[in-house]
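Enquirer: Can you look at this prediction? I've put the sequence above it.
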Amino acid sequence: MTLERVNTGGLVLLGCGKMGSAMLQGWLSQGVKPPSVTILDPSPSDWVQALQADGVGVNGDLPPAPAVCIVAVKPQMMGDALPRLQAMGNGSTVFISVAAGTPIAAFEAVLGDKTPIIRAMPNTPAAVSKGITALIGNANISEADMQMAENLLQAVGQTVRLEDEGQMDAVTAVSGSGPAYVFHLIETLAAAGEAEGLSGALSLKLARATVAGAGALAEQAEEDPAQLRRNVTSPAGTTAAALEVLMDAETGFPPLLRRGVKAAADRSRELAK
């Protein structure tokens with residue numbers, strides 16, 4: 001039903017950078033018809049331009065009332081880009097924003113307060129269809145609209161619904177910014193291995209595979225992460241020695257990550273003002 005609604009009504013994608021391209025690739029692979037897609041991007045990639053041969057519209061005329069419009073531009077470009085879509089506001093077009101730090105009220109101010117708007121926060125693993133996206137809609141969004149948005153965003157990973165928009169700052173701090181924390185863990189784990197005598201290349205390979213494997217196990221296992229940690233930890237063993245340092249209540253991961261996530265959430269609140 002979602003694809004039929006999109007293919008019949010059309011989909012406009014405002015901004016087709018890394019996130020927009022990842023989503024578009026997923027949609028096309030799942031049955032969205034190229035002629036139903038219109039892309040607006042000031043610097044379309046070679047891949048995007050090549051899609052014109054299949055019927056995708058690039059920087060051409062906009063359909064008057066597409067089924068959905070995805071806003072995927074950077075927040076600092078929003079002021080210039082959004083007015084182009086003003087004529088679609090206060091109608092049946094569902095707007096889905098994946099732009100960080102831009103509240104629903106900012107879209108309503110430009111597009112009209114009767115416009116159906118969904119704010120979404122995906123993360124960069126969407127590029128390999130392993131993302132997770134949190135969604136919240138305004139009062140004009142129906143259940144069918146929300147299901148359409150979820151189906152579209154599930155092309156690049158999982159989705160979760162929020163209870164209120166105020167949760168988006170915490171989501172941004174945990175899953176939106178979270179991949180950077182994990183990448184830094186890989187960096188520091190590899191550097192620690194190198195300090196213990198491994199070559200840089202070998203240590204990095206071990207760190208990458210270990211974090212990726214542990215993440216996959218954590219997602220698929222029935223046990224919670226705490227139990228998985230205990231499963232790896234033998235009394236008085238090597239893992240226990242490391243965890244004594246990493247789980248220290250004053251200097252370990254718990255207080256460090258709490259401070260980091262709080263800093264990201266506070267910054268998200270500042271940017272939304």
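Expert: Thanks, I have it.
Enquirer: hmm, what's the outermost residue in this protein?
Expert: When distances are taken from the C-alpha mean of the chain, residue 236 lies farthest, 40.1 Å away, according to C-alpha atoms, centre = their mean.
Enquirer: Can you tell me the SS state at that residue?
Expert: Following DSSP: H, G, I helix; E, B strand; the rest coil, residue 236 is assigned to coil.
Enquirer: Residue 243 versus that one, what's the distance?
Expert: Going from residue 236 to residue 243 by C-beta to C-beta, to the nearest Å gives 12 Å. In this view, the C-beta of every residue, glycine as well, is placed from N, C-alpha and C.
Enquirer: what do you get for residue 179?
Expert: Counting by C-beta to C-beta - residue 179 and residue 243 are separated by 24 Å.
Enquirer: Which residues are in contact with the residue nearest to residue 101 when sequence neighbours are not counted?
Expert: Among residues not flanking residue 101 along the chain, residue 271 sits closest, at 3.7 Å (C-beta to C-beta, 6 or more residues apart in numbering). Neighbouring residues of residue 271 by C-beta atoms under 8 Å, 6 or more residues apart in numbering: 75, 100, 101.
Enquirer: So how do I select the buried members of the residues you listed in ChimeraX?
Expert: Buried residues among the contacts of residue 271 (16 or more other C-beta atoms under 10 Å), as a ChimeraX selection:
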select :100,101
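Enquirer: May I see the contacts of residue 271 arranged in JSON lines, with pLDDT as well?
Expert: Shown next, in JSON lines, are these (pLDDT from 0 to 100):
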{"residue": "75", "pLDDT": "74"}
{"residue": "100", "pLDDT": "81"}
{"residue": "101", "pLDDT": "80"}
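Enquirer: So residue 118: helix, strand or coil?
Expert: Assignment for residue 118 (three-state DSSP): strand.
Enquirer: I'd assumed residue 139 was in contact with it.
Expert: No - at 11.7 Å, residue 118 does not count as touching residue 139 under the criterion of C-beta atoms under 8 Å.
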